[in-house]
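> What follows is a predicted protein model with its sequence.
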Amino acid sequence: METVSSGSSRGYRKKRSPMLDTIAALIRRRRRFLVTTHVRPDGDAIGSALAAYHVLRGLNKEAVVYLQDKIPDIYAFLPGASVVVRRLGAVDTFDTVILLDCSDIRRVGDEADKVGSIGTVINIDHHLSNNGFAEYSLIDAGASSTGELLYRLIGELGVEITPDIAVNIYTAVVTDTGSFRYSSAGSAAFRLAAEMVDRGAEPHVVAERIYETAPRERIALLKSALNTLGFDYGGSVGSIVVTRAMLRKTKALSEHTEGLVDIVRSIEGVRVAVFYQEMEDGTVKVSLRSKGSTDVSRLAVRFGGGGHLNASACSIKGDVAEAKRQILDSIQALSIVAG
Ligand code: 5GP
Ligand code: MN
């Protein structure tokens, strides 16, 4: 049980599911960590990555947090946000990478191969679509968030939960449960949140930063996006679009699109909400949300993406009209909203 290294230099060659204590023991032995997460990082990705950073520092480890994309302004208040690097040099200085909230190594972005070449890859994730690519995996699709899984690991490591860790983990849980509204918000999420508050997280501060400081550019974008609101399949599928021209005109940033799709899902009769964003590289980013037992991860996986039952995403080559056609066709082909 002690020897858990496969000796492979390619971290994602072998699938294993070691126990929490195996991963904790491995972390205790290693010294130089890279911590990273997915492109277009959300609250769970950022909160988990920064919490992991503080945990590793608490264990006197070296730790670097790398993110391809800028941290959205609403998350810039999180303790540790300023240490994040967006350029990755040579990775031979690292002995271990902790990859958070990623169902696939490619989610890291352009540096995925480099990150995957680090001696040992530990993947901590709660996506239904996780393909078990890592050598060491802590995966539980039943967890509310990656932050919750990290919390379990912290318990195993016996690290004290400082206020810096608490606010990051609290943020991960709040954002990934839609402020405790989704089915992922079970008693474990509430208990964890209460403990994080005991440890120094302040819910009203987190809520204000994340949900009550929208820049006007975001609201301007919301206004033009709502003009594109449309329905298909008798109103069970709702969609909105953000084009590059709309971003230019409103001076909004890509990060200001977060949450727009949830407005579409909130409409009566809508089972599946789709958000199409025209990207710079000739693709359309498609965000999918659903209600109840309607599974949109099947849809995302069909296009090479992934996610959760009620929240998934993928990218489609072509323009918005083409992406729409393909998504609507697949919704029918897969009987996503039938019955
Ligand atoms: P969002 O629509 O908020 O970008 O993403 C919804 C969910 O799908 C999140 O859990 C996110 O991690 C996941 N996701 C987003 N884009 C991709 C993708 O390209 N591939 C995979 N596998 N998952 C994605
Ligand atoms: Mn997550």
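In hand now; what should we look at? Ligands and ions are numbered 1, 2, ... in the order given.
> For the residue in the chain that ligand 2 sits nearest to, list the residues it contacts.
Of all residues in the chain, residue 44 sits closest to ligand 2, at 3.4 Å by Cβ to the ion. Using the backbone N, CA and C atoms, a C-beta is placed for each residue, glycine as well. Counting by Cβ atoms under 8 Å, 6 or more residues apart in numbering, residue 44 touches 101, 145, 146, 147, 172, 173, 175, 176.
> One more: residue 314?
With contact taken as Cβ under 8 Å, 6+ apart, residue 314 is in contact with 286, 288, 299, 300, 301, 302, 303, 304, 305, 306.
> Among those residues, which ones are in strands?
286, 288, 306 (DSSP state E).
> Distance to residue 195, neighbour count and pLDDT added to those residues, as a markdown table?
Listed next are these as a markdown table, based on distance: Cβ to Cβ, whole Å; neighbours: other Cβ atoms under 10 Å; pLDDT from 0 to 100:
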| residue | distance to residue 195 | neighbour count | pLDDT |
| --- | --- | --- | --- |
| 286 | 36 | 26 | 98 |
| 288 | 32 | 30 | 98 |
| 306 | 30 | 21 | 94 |
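> Next, format these as CSV and append distance to ligand 1.
Listed next are those as CSV, based on distance: Cβ to the nearest ligand atom, whole Å:
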residue, distance to ligand 1
286, 8
288, 7
306, 3
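> Within range of ligand 1, give me the residues from the stretch 201-339 of the chain.
287, 305, 306, 307, 308, 311, 312, 313, 314, 315 (Cβ under 6 Å from any ligand atom).
> rerun at 8 Å
258, 261, 275, 285-289, 300-301, 304-308, 311-315 (Cβ under 8 Å from any ligand atom).
> So among those, which ones count as buried?
For those, a burial check counting by 16 or more other Cβ atoms under 10 Å picks out 258, 261, 275, 285-289, 300-301, 305-308, 311-315.
> So which of those reach ligand 2?
Among these, no residue lies close to ligand 2 (Cβ under 5 Å from the ion).
> Need the pLDDT of the nearest residue in space to residue 142 that is not next to it in sequence.
Leaving aside its chain neighbours, residue 142 sits nearest to residue 126 (7.6 Å; criterion: Cβ to Cβ, 6 or more residues apart in numbering). Residue 126 is assigned 96 on the pLDDT scale.
> for residue 102, same thing?
So residue 102 comes in at 97 (pLDDT).
> okay but residue 283 is in contact with residue 316, surely?
Yes: if you go by Cβ atoms under 8 Å, residue 283 and residue 316 touch, sitting 6.4 Å apart.
> Compare those two (neighbour count), which wins?
residue 316 (21 against 16; other Cβ atoms under 10 Å).
> Closest to ligand 1 out of the contacts of residue 314?
residue 306 (2.7 Å; Cβ to the nearest ligand atom).
> in the stretch 51-200 of the chain, what spans have low per-residue confidence?
Residues of the stretch 51-200 of the chain meeting the criterion pLDDT under 70: none.
> Kindly recompute the last result at 90.
Low-confidence segments of the stretch 51-200 of the chain (pLDDT under 90): 128-129, 131-132.
> same deal with the stretch 201-339 of the chain?
In the stretch 201-339 of the chain (pLDDT under 90), the answer is 338-339.
> Show me where it has its strands.
Assigned by DSSP state E, counting those that start in this stretch, the strands in the stretch 201-339 of the chain fall at 230-232, 237-242, 272-278, 283-290, 306-307, 311-317.
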